[in-house]
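Student: got a predicted structure here, sequence first:
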Amino acid sequence: MSGRHLRRGACGGLLVALLAGCASTPAPPQALAEAGVPSPALAGHADLPLQASIDAFLAGLSRRCGQAYAGVVEIDVPASTDSTFAGKPLVMHVRECGTGAVRVPFHVGEDRSRTWVFTRTPSGLRFKHDHRHADGSPDALTMYGGDAAVARAPAPSSLRIAFPVDAESIAMFQAGGRAVSTTNTWAVELSDNRFVYELSRPGGRLFRVVFDLDRPVPAPPPPWGASDIVP
């Protein structure tokens with residue numbers, strides 16, 4: 001497998017330690033509070049420091065670079081009888097981990113068109129969806145997403161970051177006849193044993209895929225359009 005891997009050195013900082021698996025047990029509420037990180041037990045789903053959360057998320061995800069994990073659809077409402085994901089194996093592959101970006105192909109059966117791209121920006125973290133055709137060419141709707149707006153801890157040793165749709169993506173959706181997607185918010189959650197991808201919209205749309213990080217699976221083939229594929 002090619003791709004740049006982050007060095008897996010010692011963890012730094014409480015959030016990084018929690019999410020990268022350097023702490024064998026969740027930190028107690030007092031330790032979280034002393035570090036300036038609200039605990040769900042103390043402050044509900046209070047906002048976390050965004051930059052520290054971004055650092056922790058990228059460190060925790062990059063620690064698993066090269067690994068692939070199977071997922072299941074946890075929530076899909078309103079339900080669709082012709083869902084693209086119904087009855088197909090779902091696999092995420094933490095494939096490329098650089099200092100500025102992490103690329104995670106998301107395979108749906110034999111469909112290798114999707115790659116999640118997390119990129120550092122001067123102000124935070126950007127999450128985009130890179131969609132390709134089998135010949136590697138970009139889809140008409142590609143590189144849509146948004147910037148990190150809020151981070152929260154839905155459970156001890158768990159981090160959730162939300163990405164509301166950005167202006168560039170709204171314009172793309174409107175031009176492509178996908179006005180329904182102009183109110184999208186994407187979210188990801190990372191803990192020691194699971195990764196969650198979520199899409200939500202006002203009005204009740206909610207789609208969540210949960211991946212089991214305790215059980216790696218064989219790495220899938222490269223995604224369509226990968227730079228290291230030899231024609």
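Tutor: Structure received. Since we're looking at a predicted model, the values are computed, not measured.

Student: buried residues in the longest strand along the chain?
Tutor: If you go by DSSP state E, the chain has its longest strand at strand 205-217. Neighbour counts using 16 or more other Cβ atoms under 10 Å place 205, 207-211, 213, 217 of strand 205-217 among the buried residues. For the C-beta atoms, the positions are set from N, CA and C on the backbone; glycine is no exception.

Student: quick one: contacts for the closest residue to R64 other than its chain neighbours?
Tutor: In this structure, R64 finds its nearest non-sequential neighbour in V94, 4.8 Å apart by Cβ to Cβ, 6 or more residues apart in numbering. By Cβ atoms under 8 Å, 6 or more residues apart in numbering, the contact set of V94 is 61-62, 64-68, 102, 104.

Student: and E189, bridged to which residues?
Tutor: Beta-bridge partners for E189, by DSSP bridges, are R160, V196.

Student: so in the protein, where's the weakest helix or strand by average pLDDT?
Tutor: Within the chain, no helix or strand scores below helix 40-43, which has a mean of 30 by mean pLDDT, DSSP states H and E.

Student: following that helix, which helix or strand comes up?
Tutor: Using DSSP states H and E, the helix or strand that follows helix 40-43 towards the C-terminus is helix 50-62.

Student: so what's the gap between that next one and the chain middle?
Tutor: Here helix 50-62 is found 11 Å from its chain centre; the criterion is Cα atoms, centre = their mean, to the nearest Å.

Student: which helices and strands does that helix pack with?
Tutor: Judged by 3 or more Cβ pairs under 8 Å, 6 or more residues apart in numbering; DSSP states H and E, helix 50-62 is in contact with helix 14-19, strand 101-108, strand 111-121, strand 124-131, strand 150-152, strand 158-164, strand 185-191.
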